[in-house]
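got a structure for you, letters missing:
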């Protein structure tokens, strides 16, 4: 899959979601932005003369994505940091869950690929937002590079570093695994806002954390993002396997 396909898919999905959100909430600005996003996605896929998208275009897309999701999370009053779910029966490709509260309970038996806002639960601590597409195309690219599924953190570090360097999206990926804790350092080739990534990161960081969940077969909870001299540092923790949260 070429980078233009990844960017096009991301633009189409985000544009469609923006347009739908604007329509349901009578917000014409979001409708217009969503339509523009879908148009850009179609335009990118038609650019057959180039096999890559300039970093400036990626930054422009990610900026609009961050602004939209920041407003969405703020309006929904989602307090918890993102939780990365490994593949299991209900979610064959895994997913990202943003809990309503910091002190949350994850009911994986109630999730599936059709769920978006989880509210039909007996306890408010189980409510939140489920996202299944963010980061998935890049994770699939890592597994294409490996010619098989990711089964370990070292495999994830190697594959993500190679693929992201080849695509010109990151200069370095380093993952340190110490028992139940993970420390990830990513040196992206574009500007980013790590303070906004704890609840919902960019597709690049999402792909790595989804890969960590898949490699460890455990739910991964984000503890914090920060900027360091080496790049963006992500601190995360393994929260147990799927059976613990069923």
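Ah, there it is. Just so it is clear, the model here is predicted, and its values are computed rather than measured.

secondary structure class for residue 84?
Here residue 84 takes the strand state, with states given by DSSP: H, G, I helix; E, B strand; the rest coil.

and the residue nearest in space to the middle of the chain, how far is that from residue 197?
Closest residue to the average C-alpha location of the chain: residue 206 at 3.2 Å, with CA atoms, centre = their mean. According to CB to CB, to the nearest Å, residue 206 and residue 197 sit 9 Å apart. Heads up, the C-betas are built off the backbone N, CA and C, glycines and all.

do residue 190 as well
Distance of residue 190 to residue 197, computed by CB to CB: 13 Å.

Residue 111 too?
According to CB to CB, residue 111 stands 22 Å off from residue 197.

lowest confidence element among the helices and strands of this structure?
helix 28-45 (a mean of 54; mean pLDDT, DSSP states H and E).

ok, residue 204 - contacts?
Residue 204 is in contact with 135, 138, 164, 169-170, 186, 188, counting by CB atoms under 8 Å, 6 or more residues apart in numbering.

who wins for most neighbours among those residues?
Among those, the one with the most neighbours (other CB atoms under 10 Å) is residue 186, at 27 neighbours.

give me every residue that touches the nearest residue to that residue once chain neighbours are set aside.
Spatially, and ignoring its direct neighbours in sequence, residue 186 is nearest to residue 232 (4.9 Å; CB to CB, 6 or more residues apart in numbering). By CB under 8 Å, 6+ apart, the residues touching residue 232 are 185-188, 192, 194, 197, 205, 225-226.

In CSV, list these along with distance to residue 215 and secondary structure.
Output for the contacts of residue 232, formatted as CSV (distance: CB to CB, whole Å; DSSP: H, G, I helix; E, B strand; the rest coil):
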residue, distance to residue 215, secondary structure
185, 17, strand
186, 16, strand
187, 21, strand
188, 21, strand
192, 23, coil
194, 22, helix
197, 20, coil
205, 15, helix
225, 20, strand
226, 23, strand
